[in-house]
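J.: Dropping the sequence and predicted coords here.
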Amino acid sequence: MEREMSSLTVLGCMWGDEAKAKVVDFLGASADVVVRFQGGANAGHTIVSEGKKYVFHSVPSGMLYPTTRCVIAQGTVIDPFGLREEMQGLMAQGIDFSGRLFIDSRAGLVLPLHKELDSSKEEQLGKNRIGTTGKGIGPAYADQSARCGLRMGDLAHPDWLRKRLLSLYDLHGQNPDAAALDKELAALASAWEFLRGYVTEVDILLREWYLQGDSILFEGAQGTLLDVGFGTYPFVTSSHTMCGGVSTGAGFPPRWLDKVIGVYKAYGTRVGEGPFPTEIFDVTAERIRVVGNEFGTTTGRPRRIGWFDAVAAKYTADLNGLDGLAITLLDVLSGIPELKICTGYWQGDTRLPHYPSHHLDLESTQPEYLTLPGWEADIGAVNKLGKLPKAAREYLEAIQDLLERPIELVSVGKERSQTIVIN
């Protein structure tokens, strides 16, 4: 009997750090293939399985399942040295990559030059800095758009690689001496020797796998409000983090995107600069930060904390055409006596009709809140919706009503087992 073709896209729908990896890991149990379609090593994912902690940056989260194939698609940018180190670290933890990891030969490269450019640009911007991770992602994407960047497949052609690298340095006004250039080329050759067995044209494989009935899960990095086009520009990442990025990043037909799940934290966080209308600075914020371990996986920076913003969340739900929601870190809110959800934005005496497109308009808004009672009980062991405290259920119902989408998953802890499945 022919299997039903299916694909599932899991997107972070705020400013990233929504605990997407936990959701991808949970749903990955039934996936044949897990795909990273955009972003780079600036996106840190942490998964706890059976008490063991795994940290991912470029490798898809599905690697924890021993038979799942994992793809790093064209829309990503890859630090070849960082990827090798990440893979070696996971191998040391018992992860087998043989015949399971596929890297697109057209994925862009992040070079040491890009990290230098990233840091120097942030220094030049001063108080107007974007708040990047310093991983060189923005400059690498900029070079790809300018058609002067290097791609993974270039590593297979040493003479071409040398010419492209010299041209790239020249473009950025740098002139490395022969010894430095030879050293970098030798390092790239070493990284290629490690990675070459995983590099191929993955778009062909993805289309073949889908047509033969394999279940494909697309894993987004960062969040929709960091999308380079529709996020809080210019305080955004350098790739398309929304649903449409799957097709352009992985070469996967948009008509084959069968279902899209949006991941939202039960509260708000943001790393780096940029508007954050519901941000709070009191003892509640510090409590959430500590209990939720709200520190960047990649940078270690403390995350900014705020109340759940249903205005922004509804905007991203509509933008991505979400079919359902996954709410994470609900357990972090236990013990807070009063909770708030932003239901509208005001500028002076005017209630804004929708989420504003300009960051200055966002920065000048005053949020309107729905206030709800909190709950005291520890919910980490709850495995059914009906067993949650009444106040927790009402909190989820408010989110569901405001976003006009059904909640399908609720995470109440770091472990796979601490997940409530609804419907």
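T.: Now that the structure is in, tell me what you want to look at. Remember, it's a predicted structure, so these values are computed and weren't measured experimentally.
J.: can you map out the helices along this protein?
T.: 20-27, 80-92, 112-125, 137-145, 158-171, 178-195, 202-211, 244-250, 283-291, 310-320, 359-363, 390-403 (DSSP state H).
J.: Worst mean pLDDT among these?
T.: The stretch with the lowest mean pLDDT among these is helix 112-125, at a mean of 80.
J.: what sits against the closest residue in space to S239 that isn't next to it in sequence?
T.: Of all residues not flanking S239 in the chain, Q38 sits nearest, at 4.1 Å (Cβ to Cβ, 6 or more residues apart in numbering). (Glycine included, C-beta is placed from N, CA and C.) Counting by Cβ atoms under 8 Å, 6 or more residues apart in numbering, Q38 touches 73, 75-76, 220-221, 239-241, 245, 249.
J.: which of these sit farthest apart?
T.: A73 and T241 (13.6 Å; Cβ to Cβ).
J.: Those two - which one has more neighbours?
T.: Counted by other Cβ atoms under 10 Å, A73 and T241 do not tie: T241 has more neighbours, with 33 against 26.
J.: Give me the pLDDT for the more buried one.
T.: If you check T241, the pLDDT there is 95.
J.: One more: the one 10 residues further on?
T.: What the model reports as pLDDT for G251 is 97.
J.: if we can go back for a sec, tell me which of the contacts of Q38 is nearest to E397?
T.: Taking Cβ to Cβ as the measure, E397 lies nearest G220 of these, at 25.9 Å.
J.: Out of the helices of the chain, which is the most enclosed?
T.: Comparing the helices of the chain by mean neighbour count (mean count of other Cβ atoms under 10 Å), helix 20-27 comes out on top with a mean of 26.
J.: Show me the contact partners of it.
T.: 8, 10-12, 34, 45-47, 49, 56, 60-62, 64, 217, 219-221, 261, 263, 326, 328, 409, 411, 414, 416, 419.
J.: Could you list the alpha-carbon positions for it in PDB?
T.: Extracted in PDB, the C-alpha atoms of helix 20-27 (Å, rounded to 0.1, in the frame of the first residue of the first chain):
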ATOM      1  CA  LYS A  20      11.800  24.800  19.200                       C
ATOM      2  CA  ALA A  21      14.400  22.000  19.600                       C
ATOM      3  CA  LYS A  22      12.300  20.400  22.300                       C
ATOM      4  CA  VAL A  23       9.300  20.400  20.000                       C
ATOM      5  CA  VAL A  24      11.300  19.200  17.000                       C
ATOM      6  CA  ASP A  25      12.900  16.400  19.100                       C
ATOM      7  CA  PHE A  26       9.400  15.300  20.400                       C
ATOM      8  CA  LEU A  27       7.800  15.300  16.900                       C
END
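J.: tally of neighbours for V34?
T.: Using other Cβ under 10 Å, V34 has 27 other residues around it.
J.: Need the per-residue pLDDT for it.
T.: The model reports V34 with a pLDDT of 95.
J.: now T132
T.: Per-residue confidence (pLDDT) for T132: 63.
J.: same deal with the one 3 residues further on?
T.: Reported pLDDT at K135 in the predicted model: 83.
J.: Any idea how many residues pack against the closest residue to it other than its chain neighbours?
T.: Spatial nearest neighbour of K135, chain neighbours left out: N42 (4.5 Å); criterion: Cβ to Cβ, 6+ apart. Here the number of neighbours of N42 (other Cβ under 10 Å) works out to 28.
J.: My understanding was that N42 contacts Y141; is that so?
T.: No: counting by Cβ atoms under 8 Å, Y141 is not a contact partner of N42; they are 10.7 Å apart.
J.: overlap in contacts of these two?
T.: If you check N42 and Y141 against Cβ under 8 Å, 6+ apart, no residue is contacted by both.
J.: Pipe the contacts of Q38 into a markdown table and attach distance to G89 per row.
T.: Formatted as a markdown table, the contacts of Q38 follow (distance: Cβ to Cβ, whole Å):
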| residue | distance to G89 |
| --- | --- |
| A73 | 22 |
| G75 | 24 |
| T76 | 19 |
| G220 | 23 |
| A221 | 19 |
| S239 | 24 |
| H240 | 29 |
| T241 | 25 |
| G245 | 27 |
| G249 | 25 |
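J.: Return the closest of these with respect to P389.
T.: Within the contacts of Q38, proximity to P389 (Cβ to Cβ) peaks at G220, which comes in at 31.0 Å.
J.: tell me the contacts of the closest one?
T.: 9-12, 20, 37-39, 241-242, 245.
J.: which residues does the residue lying closest to it once chain neighbours are set aside bridge with?
T.: Among residues not flanking G220 along the chain, L11 sits closest, at 4.1 Å (Cβ to Cβ, 6+ apart). In this entry, L11 is beta-bridged to G262, by DSSP bridges.
J.: There's contact between L11 and I261 in this structure, I believe.
T.: Yes: between L11 and I261 there is a contact under Cβ under 8 Å: 7.3 Å.
J.: re earlier: now which of the contacts of helix 20-27 would you call buried?
T.: Buried by 16 or more other Cβ atoms under 10 Å: 8, 10-12, 34, 45, 47, 56, 60-62, 64, 217, 219-221, 261, 263, 326, 328, 409, 411, 414, 416, 419, out of these.
J.: roughly how far apart are the closest residue to P367 other than its chain neighbours and G39?
T.: For P367, ignoring the flanking residues on the chain, the nearest one in space by Cβ to Cβ, 6+ apart is C342 at 4.3 Å. For C342, the distance to G39 equals 27 Å [Cβ to Cβ, to the nearest Å].
J.: of these two, who's got more company?
T.: G39 (28 against 22).
J.: measure the closest residue to the more buried one other than its chain neighbours to L168 for me?
T.: Nearest residue to G39, sequence neighbours excluded (Cβ to Cβ, 6+ apart): A221, at 3.1 Å. Using Cβ to Cβ, one gets 24 Å for the distance from A221 to L168.
J.: before we move on, the earlier item: which residues do L11 and I261 both contact?
T.: L322.
J.: Residue most distant from the centroid, the chain?
T.: For the chain, the residue at maximal distance from the C-alpha centroid (Cα atoms, centre = their mean) is A178, at 38.3 Å.
J.: returning to what we had before: any chance of CSV for the contacts of G220, columns distance to G292?
T.: Output for those, formatted as CSV (distance: Cβ to Cβ, whole Å):
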residue, distance to G292
T9, 25
V10, 20
L11, 20
G12, 15
K20, 15
F37, 27
Q38, 25
G39, 22
T241, 22
M242, 25
G245, 27
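J.: nearest to A189, of these?
T.: Once Cβ to Cβ is applied, the member of the contacts of G220 that ends up nearest A189 is G39, at 25.9 Å.
J.: Many thanks, have a good one.
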